[in-house]
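Engineer: Okay, sequence plus prediction incoming.
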Amino acid sequence: MTISRYIAIIALCLYLAIPALGAPMEVEDNLGRTVTIDQPCQKIVFLVENALNTYYSIGDPETVLAIGDNIWKRELKEDFFKAVDPKFDDKVRIGFDAGLVSLETLAAEDPDLVVLWATSPEDENLNAITETLRIPVYAVFITSSGDMYKQVRDMGTISGKTDRASEVEAIMMSYVEEVTSATEGIPDEDRPKVYWMWSDVLGTAGRESGFDDLIYQAGGINVMNYWDNDASYVEHPTVPLETLINLNPDVIYMWYNEKLDPEDVIRGTEFAGWRDINAVKTGRVYEIENPFLFDAFSPRMPMALMHLAKNIQPELFADMSIDERMDGFFGEMYSVHYPGYAAM
């Protein structure tokens with residue numbers, strides 16, 4: 001074979017390979033929208049933190065181009081983000097004004113993909129980015145534990161690391177199985193009724209929500225399943241206090257609240273009207289104290305499930321040590337230790 005022919009064959013092979021490396025792909029986001037992307041994406045902007053957590057367990061941190069400047073409770077999370085992404089502090093921050101993303105800053109970065117939270121296809125930021133900037137947008141809206149597994153698979157597609165995504169999904173499922181293997185056989189009538197209390201107190205998790213799934217997997221049943229009202233199906237319904245008293249939950253589980261703790265609900269004068277609720281009478285009011293470690297809308301969903309299970313079914317999980325499992329979980333998911341986030 002002559003050198004010129006050899007070179008020609010090599011050139012042809014490279015030419016044929018180029019479309020495969022950047023071949024457009026379609027992925028369906030949580031709103032059912034079809035998003036066309038170049039796979040793998042090389043410049044991604046994350047305007048929603050939970051998907052960023054997922055991506056860091058799968059994709060290359062170098063492909064995270066920018067992040068939103070709206071990270072909640074930043075002090076709980078920055079050490080972790082710096083551990084899994086050494087260039088985290090150097091990422092461009094995309095600002096918001098009255099809830100609206102800065103299109104100018106976003107356009108200047110020229111990303112391949114923007115990932116944001118949106119509850120409907122009519123979301124203002126979603127439409128502004130797609131219609132004004134013509135940038136593909138993957139919308140995140142978590143309403144079930146299944147949505148979290150889908151997010152893992154989709155981040156694998158977006159990053160081009162589908163094998164790692166399969167590993168992450170399997171890791172999550174293995175930790176979940178530690179709980180569900182003990183709770184799945186509990187009849188509904190034997191499950192404590194659980195009221196999930198968001199920070200707006202009378203705002204709760206509806207039947208079609210991620211926490212409805214977790215409560216059931218943890219051995220309880222969402223008290224919204226006993227409310228004969230269409231609002232009970234909403235992802236975040238507001239419940240009249242009289243209705244909540246009549247529903248009479250056995251357990252109240254609070255999301256992290258800077259202004260309230262369980263003792264306020266049990267004994268506080270502001271909650272005097274709650275005194276006849278079973279959960280209050282028996283002192284079964286609990287709180288997610290660390291919204292980072294126990295973020296159910298991130299790959300740490302299994303840790304949130306364990307937190308719920310230990311309080312909803314204390315006899316079943318008396319010997320379960322979440323602290324012991326936490327280090328192993330962070331190691332498998334992010335290759336760092338917990339606490340401290342030292343590299344493994």
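Structural biologist: Received the coordinates, thanks.

Engineer: how about the helices in the stretch 51-200 of the chain?
Structural biologist: Here the stretch 51-200 of the chain has its helices, by DSSP state H, counting those that start in this stretch, at 78-84, 103-109, 124-127, 145-159, 162-183.

Engineer: Just the residues contacting stretch 188-198, thanks.
Structural biologist: 203-205, 211, 215-216, 219-223, 226, 236, 244, 247-255, 257, 265, 279, 284, 312 (C-beta atoms under 8 Å, 6 or more residues apart in numbering). The way it works is simple: take the backbone N, C-alpha and C, and place the C-beta from them, glycine included.

Engineer: Same check on stretch 222-231?
Structural biologist: By C-beta under 8 Å, 6+ apart, the residues outside stretch 222-231 that reach it are 193-196, 204-207, 211-212, 215-216, 232, 237-239, 243-244, 247, 249.

Engineer: Please pick the buried ones from those residues.
Structural biologist: Among these, the ones that count as buried by 16 or more other C-beta atoms under 10 Å are 193-196, 204-206, 211-212, 215-216, 232, 237, 239, 244, 247, 249.

Engineer: With L65 as the reference, name the closest of the helices of the stretch 51-200 of the chain.
Structural biologist: helix 103-109 (5.7 Å; C-beta to C-beta).

Engineer: related to what we said a few turns ago, report the buried members of the contacts of stretch 188-198.
Structural biologist: The neighbour count (16+ other C-beta under 10 Å) marks 204-205, 211, 215-216, 219-223, 244, 247-255, 257, 265, 279, 284, 312 as buried among the contacts of stretch 188-198.

Engineer: so how many other residues sit close to D261?
Structural biologist: The number of residues packed around D261, counting by other C-beta atoms under 10 Å, is 14.

Engineer: With the one 5 residues further on instead?
Structural biologist: Counted with other C-beta under 10 Å, the burial measure for I266 works out to 18 neighbours.

Engineer: pLDDT score for it?
Structural biologist: Looking at I266, its pLDDT stands at 98.

Engineer: how near is it to Y195?
Structural biologist: Going from I266 to Y195 by C-beta to C-beta, to the nearest Å gives 14 Å.

Engineer: which residues touch the most centrally placed residue in the chain?
Structural biologist: Closest to where the C-alpha atoms of the chain average out (C-alpha atoms, centre = their mean) is F297, at 2.0 Å. Residues counted as contacts of F297 (C-beta under 8 Å, 6+ apart) are N50, I142, M148, G210.

Engineer: Next: V27.
Structural biologist: Going by C-beta under 8 Å, 6+ apart, the list of residues near V27 reads T34, V35, I37, Y138, D154, T157, I158.

Engineer: What residue spans form the domains of the chain?
Structural biologist: Using automatic domain parsing, the domain ranges for the chain come out as 22-172, 185-334.

Engineer: between those domains, which one is nearest to A342?
Structural biologist: Closest of the domains of the chain to A342 is domain 22-172, at 7.6 Å (criterion: C-beta to C-beta).

Engineer: Could you give the average pLDDT over the closest one?
Structural biologist: Summarised as a single mean, pLDDT over domain 22-172 is 96.

Engineer: circling back to that earlier point, buried ones from the contacts of V27, can you make that a PyMOL selection?
Structural biologist: Restricted to buried positions by 16+ other C-beta under 10 Å, the PyMOL selection for the contacts of V27 reads:
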select buried, resi 35+37+138+154+157+158
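
Engineer: Can you redo the contacts of V27 as a markdown table, where the extra columns are distance to S120?
Structural biologist: As requested, those are exported to a markdown table (distance: C-beta to C-beta, whole Å):
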| residue | distance to S120 |
| --- | --- |
| T34 | 16 |
| V35 | 16 |
| I37 | 21 |
| Y138 | 15 |
| D154 | 19 |
| T157 | 23 |
| I158 | 22 |
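
Engineer: What is the most widely separated pair among the contacts of V27?
Structural biologist: T34 and I158 (13.8 Å).

Engineer: Tell me where the stretch 201-344 of the chain is predicted with low confidence.
Structural biologist: Along the stretch 201-344 of the chain, the model assigns pLDDT under 70 to no residue.

Engineer: can you count the residues close to the nearest residue to A66 once chain neighbours are set aside?
Structural biologist: Ranked by C-beta to C-beta, 6 or more residues apart in numbering and with sequence neighbours excluded, the top spatial neighbour of A66 is V92, at 3.8 Å. V92 has 15 neighbours, counted by other C-beta under 10 Å.

Engineer: V92: what's it in contact with?
Structural biologist: Neighbour list for V92: L65, A66, I67, T105, E109 [criterion: C-beta under 8 Å, 6+ apart].

Engineer: how about 10 Å then?
Structural biologist: Counting by C-beta atoms under 10 Å, 6 or more residues apart in numbering, V92 makes contact with V45, V64, L65, A66, I67, D69, T105, L106, A108, E109, P111.

Engineer: The second one against I44, yeah?
Structural biologist: Yes. Using C-beta atoms under 10 Å, V64 and I44 qualify as a contacting pair, with a distance of 5.8 Å.
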